[in-house]
Structures are given as C-alpha cells and as structure tokens.
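# sequence first, then the predicted structure, then my questions.
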Amino acid sequence: MVAKLGFGTTTLQKFNVGHVSGRDKTYRAFILVFTFWVYVCYHIARKPLSVVKTVLHQDNCSDPDHNVTINATDCNWKPFDHENFDQLLASLDYSYLFAYAIGMFISGHIAERVNLRYFLTSGMVLSGCFTAMFGMGYFWNIHFFTYYIAIQIIGGLFLSTGWPSVVACVGNWFGKGKRGFIMGVWNSHTSVGNILGSVIAAAFLVGPDGQSYNSPWGWSFVVPGIISVATGGLVFLFLIPHPADVGCSLPDHHDGEQVHSYAKLPETEAEDKPLVTDTIVQSQSEPAEVEGKPIGFTAALKVPGVVEFSLCLFFAKLVSYTFLFWLPKYISSSTHMDPRKSGDMSTVFDFGGILGGILAGIISDITGRRASTCMVMLILGAPMLYIYNVYGAVDEVTTFILLFVLGAFVNGPYALITTAVSADLGTHRSLKGNAKALATVTAIIDGTGSMGAALGPLLTGLIVQTETVTTWRHVFYMLIAADIAALLFLIRLVFKEIRTLRCFQGRHGHLRRHSVLNSDIIENKNTTF
C-alpha cells in the first residue's frame with residue numbers, strides 16, 4: 001500500500017529529475033542525507049545533560065577574578081547542591097535511559113504498523129518539547145527534583161521513536177550491497193549529533209562575567225529542543241518511508257549479494273540455529289519484498305543472530321553511553337579543565353567514533369564477517385580503556401590522542417550492530433521478504449542495548465560518589481569487564497563464520513563474488529591448479 005506523501009515531497013515531484021535510474025539515485029541520496037540529519041537532531045537533544053552536569057554542581061565555586069569564594073548554595077543549582085548530588089545526577093541518567101529502553105520496544109512495535117512519517121514527526125516534536133522543558137526549569141526557577149525526573153522519563157519515551165523509524169526507512173531504500181560502508185558513514189550521525197550537542201550546550205555555560213557559576217544553562221536545553229521541533233516539521237513535509245511511495249525500484253536485499261554467515265549457513269551444519277529455536281521455514285526463492293504482516297517479538301527473536309547481537313550490544317552500549325553521559329564530568333574531575341573546555345574535549349571521543357563506525361562498515365563489507373569485525377574491535381578496546389584511565393590526564397595532547405583512538409574502538413562495534421547488522425537481520429531470508437519486520441528487529445536489538453546503556457551511567461553514579469582517582473579507576477574496571485562480556489557473546493557467531501568460510505572453500509573453491517578476500521582465494525587456487 002502506497003502511503004500519502006507530504007506536501008514538500010509532492011511539490012518537489014513536479015520537477016522532472018530524469019529517467020527512472022536517475023530518480024532512484026536522487027531519492028536514495030536524499031533519504032540518506034535527510035535521515036542522517038534527523039538522527040543528528042535526536043542526539044543533539046539528548047546530549048546537553050552530560051555537559052550541564054558540570055554546572056548543576058561545581059566542585060570549585062571560587063571566583064578567581066575577584067578573589068572571593070562563592071557560597072555553594074549560590075553556585076550550585078538546587079536540588080543538586082547537597083552531598084548526594086552524584087546520586088541525583090545519576091538518577092536523571094538512568095530514569096531517562098530506562099524509559100528510552102522500554103520505549104524502544106514499544107516504538108518498534110508501533111513503527112511497523114503506522115505511517116513512519118507521522119510517527120517520526122510526532123516523536124521529534126514531542127521529544128523536542130520535553131528537552132526544552134528541562135531547560136525551562138532554569139527560567140521558571142524550579143528546584144523540585146521530581147520535575148526533572150518526570151521530564152527525563154517522558155522525554156526518554158519520545159526520544160525512543162527515532163531509531164526504529166530511521167533504520168526502517170533507510171533499510172527500505174538500500175539493499176545489502178555495500179550496506180556496511182553506507183550505514184557506517186550514515187551512522188556517524190550519532191557522533192556528529194553528540195559533537196554538536198556538546199558544543200551547543202557548552203556555549204551557554206559561561207555567564208555574563210565569564211564565570212560558570214551564574215551561566216544561563218537553561219538555553220543548553222531550549223536551543224536543542226527548538227532544533228528538534230523544527231526538524232520534526234521537515235519530516236512531516238519531506239520524509240518518504242518507502243521507495244514504492246514515489247514509484248522507485250525496490251532494493252535487492254538478498255539475490256546477487258553477499259550472504260553473511262550468521263544469516264545463512266550450510267544446511268548440514270547442526271549449529272545453524274538461533275539461540276531461540278527457529279521455527280521459521282526458510283525458502284530458497286522468496287520474493288524480493290512483500291508487504292506482509294508485522295511480526296511479533298517471538299518471531300523476531302527466532303531470526304538467527306538476533307539474540308547474540310542483542311546481548312553483545314547490551315554491554316557495548318553500556319560502555320558507549322557511560323562515556324556519553326559521564327565523559328565531560330570525568331575530564332573536568334581528572335584534568336581540572338573548566339566545564340566548557342571539558343565539554344569541548346569530550347567531542348574528540350565522538351570524532352574517533354565516526355572513524356570507528358566507518359572502518360567497521362568497510363572491513364565487514366570486504367570480509368563479509370560482521371561478528372568477527374566487532375570482536376576484533378572489542379578485543380582492542382579493552383586495553384585502550386585501561387591505557388586511557390592511566391595516561392589520559394597527563395596532558396591535553398595525550399588526552400586528545402587517547403580519546404580519539406578509544407572512541408574508534410568503543411563506538412565501532414556499537415555502530416555496526418545498530419545499523420548494518422540490524423538491517424541485515426531485519427531483512428533476513430527466513431522472513432521471506434516481509435517488509436514489515438525491520439523496525440521490530442531493530443527495536444529488539446537496540447532496546448536490549450539501551451538496557452545496558454541505562455545500567456552503565458547508573459552504576460557510574462553509584463561508584464563515583466566521592467569522585468576520587470580510585471573511584472574513577474573502578475568505573476574503568478567496570479567498563480573493561482563490560483567490553484569483555486560483549487565479545488564473549490559473539491564467540492558462537494565468530495566460530496560459525498570461520499566454519500562457513502572453510503566450508504565454502506572446501507565445497508565450492510570460492511566464496512561469493514562480492515568479497516575482496518574471497519577473490520584473492522580464488523586467484524590463489526587458480527594459480528595452484
């Protein structure tokens with residue numbers, strides 16, 4: 001069924017963009033750029049709190065220019081002016097993140113059953129409003145902790161509408177060819193949003209006299225909220241959820257493209273089963289795509305690889321979101337940078353994340369081994385966490401370099417799983433071309449990951465109540481353990497990928513033609529024989 005188009009799209013359709021192939025490329029490029037910006041705005045809206053934490057409670061309330069010490073009651077925002085401020089700030093984090101995780105499962109279920117344009121518009125407008133309302137607490141002089149908790153919970157629910165919607169939309173438009181690279185570049189919206197969110201929020205953390213204790217921090221939330229609402233209006237006007245809506249050709253999700261080994265293994269292998277018993281009958285000749293009925297959570301869990309990647313993402317996202325919410329605070333505490341500078345320095349981690357996501361996508365496209373790519377980056381990430389904790393505060397140059405490298409290893413697997421892997425599994429052969437499964441599969445994977453994302457900041461807030469070198473060291477031990485746990489859940493899939501590689505070499509003498517590695521193997525065999 002073709003969905004009704006927005007006014008902006010129908011207006012643009014009046015301009016002739018050439019033959020069908022030209023139209024396809026134009027629309028696909030537009031969807032990729034447009035959804036990129038949409039999710040940049042989602043991350044802009046969720047970033048301010050991690051930066052503003054340094055102002056809500058400040059360890060140093062002195063005014064060096066006037067040689068006086070400001071009373072803690074005056075420079076800290078009630079109710080965060082007490083000794084339990086870390087617990088209160090952590091409560092804001094996990095109330096939002098748990099609401100976001102629960103909302104993710106609900107959003108994925110709804111997104112398969114309604115028009116994505118309406119759903120995404122509503123989510124963006126409402127999440128923007130509640131982001132702005134958090135900042136209005138400054139202008140309305142609200143000091144009730146219940147108010148800020150309620151805003152975080154409701155805002156988290158509405159922010160969860162974004163990811164299942166944009167991944168489903170992009171998955172509808174793009175097939176498996178170079179999906180890892182395309183979605184690796186596209187997924188940099190997470191880091192770009194974090195960077196812009198940090199810069200926007202930090203810009204308002206200096207008061208009229210140049211001090212942070214009297215900064216108008218409310219604008220750090222209001223401005224991102226306005227951006228989100230405005231972008232929601234653009235979504236209503238221009239989003240095209242499916243290529244069929246504008247008469248474009250459908251992407252090829254299976255035929256002639258590389259089959260990833262966790263998605264389809266030789267039928268004789270006893271291990272070719274999901275952790276949840278797979279009762280879905282696989283077909284060798286399913287249609288390219290059918291309308292189908294939305295699938296339930298049980299059916300989505302039966303797709304091979306969903307359970308393993310979901311559990312891996314639980315721990316990988318725990319690490320990533322601990323940095324998202326606590327990195328500016330850690331930098332400020334360990335290096336004594338002011339709130340604005342620590343917020344700016346934290347963006348280096350996100351720049352590294354952009355590179356890591358792109359590299360993960362390229363490598364997985366070349367090798368055809370998504371799970372193995374994630375495992376290698378997770379293995380390298382564990383020692384980098386320890387190195388950054390020990391040497392990250394030596395000087396600014398060292399901090400910059402280590403944060404960049406760490407961001408690549410931490411966000412690389414997270415980016416690959418939430419984009420290319422989710423899209424692969426959401427268009428798995430066992431679903432027989434069902435076009436209404438992608439959002440549900442994406443919601444299960446990222447919803448499970450979001451549970452870990454909620455747990456990480458919560459545990460961090462409980463550990464760093466005294467903010468000493470020792471307590472922060474314990475946080476990094478927790479992150480290293482989570483990184484190791486994430487890679488353990490991929491062992492089964494990695495072994496299956498290795499067995500599949502050997503099996504195809506033995507049976508056919510080569511792998512599928514889209515893998516550069518497999519081309520080398522074919523060349524070597526031809527030379528030998």
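Good, I have the coordinates.

# can you pull out the strands in the stretch 251-400 of the chain?
Assigned strands in the stretch 251-400 of the chain: none (criterion: DSSP state E, counting those that start in this stretch).

# low-confidence regions, it specifically.
Across the stretch 251-400 of the chain, the ranges flagged by pLDDT under 70 are 252-295.

# now the helices for it?
All helices of the stretch 251-400 of the chain, identified by DSSP state H, counting those that start in this stretch, fall at 297-301, 306-335, 339-367, 370-391, 396-416.

# which of the ones you listed is buried the deepest?
Mean neighbour count, computed with mean count of other CB atoms under 10 Å, is highest for helix 306-335 among the helices of the stretch 251-400 of the chain, reaching a mean of 25. No exception for glycine: its C-beta is placed from N, CA and C like everyone else's.

# give me the helices and strands touching that helix, please.
With contacts taken as 3 or more CB pairs under 8 Å, 6 or more residues apart in numbering; DSSP states H and E, helix 306-335 sits against helix 48-56, helix 339-367, helix 370-391, helix 396-416, helix 422-426, helix 438-463, helix 469-488, helix 491-508.

# give me the angle between that helix and helix 469-488.
Between the axis of helix 306-335 and that of helix 469-488 there is an angle of 160 degrees, by axes from the mean of the first three to the mean of the last three CA atoms, to 10 degrees.

# now the angle from helix 306-335 to helix 48-56?
With the same axes, to 10 degrees defining the directions, helix 306-335 sits at 30 degrees from helix 48-56.

# tell me which of the helices of the stretch 251-400 of the chain sits nearest to residue 445.
helix 306-335 (4.9 Å; CB to CB).

# out of the helices and strands packed on helix 306-335, the one nearest residue 103 is which?
Among the helices and strands packed on helix 306-335, the nearest to residue 103 by CB to CB is helix 438-463 (8.4 Å).

# OK, contacts around residue 29?
If you count contacts by CB atoms under 8 Å, 6 or more residues apart in numbering, residue 29 has none.

# looks to me like it is in a strand.
No - assigned with DSSP: H, G, I helix; E, B strand; the rest coil, residue 29 falls outside any strand and is helix.

# and residue 141, how far from residue 89?
20 Å (CB to CB, to the nearest Å).

# out of those two, which sits in the more crowded spot?
Remark: of residue 141 and residue 89, residue 89 carries more neighbours, 23 against 8, as counted by other CB atoms under 10 Å.

# isn't the more buried one up against residue 56?
Yes - using CB atoms under 8 Å, residue 89 is in contact with residue 56, at 6.9 Å.

# between those two, which contacts overlap?
Common neighbours of residue 89 and residue 56, using CB under 8 Å, 6+ apart, are residue 80.

# extract the CA atoms of stretch 329-342 and return them as CSV.
Below are the C-alpha coordinates for stretch 329-342, written out as CSV (Å, rounded to 0.1, in the frame of the first residue of the first chain):
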residue,chain,number,x,y,z
LYS,A,329,32.4,15.2,34.2
TYR,A,330,35.4,12.8,34.2
ILE,A,331,37.6,15.1,32.2
SER,A,332,36.7,18.0,34.4
SER,A,333,37.5,15.9,37.5
SER,A,334,40.7,14.3,36.3
THR,A,335,42.3,17.3,34.5
HIS,A,336,40.7,20.3,36.2
MET,A,337,39.6,21.7,32.9
ASP,A,338,36.7,24.2,33.2
PRO,A,339,33.1,22.9,32.3
ARG,A,340,33.2,24.5,28.8
LYS,A,341,36.6,23.1,27.9
SER,A,342,35.9,19.6,29.3
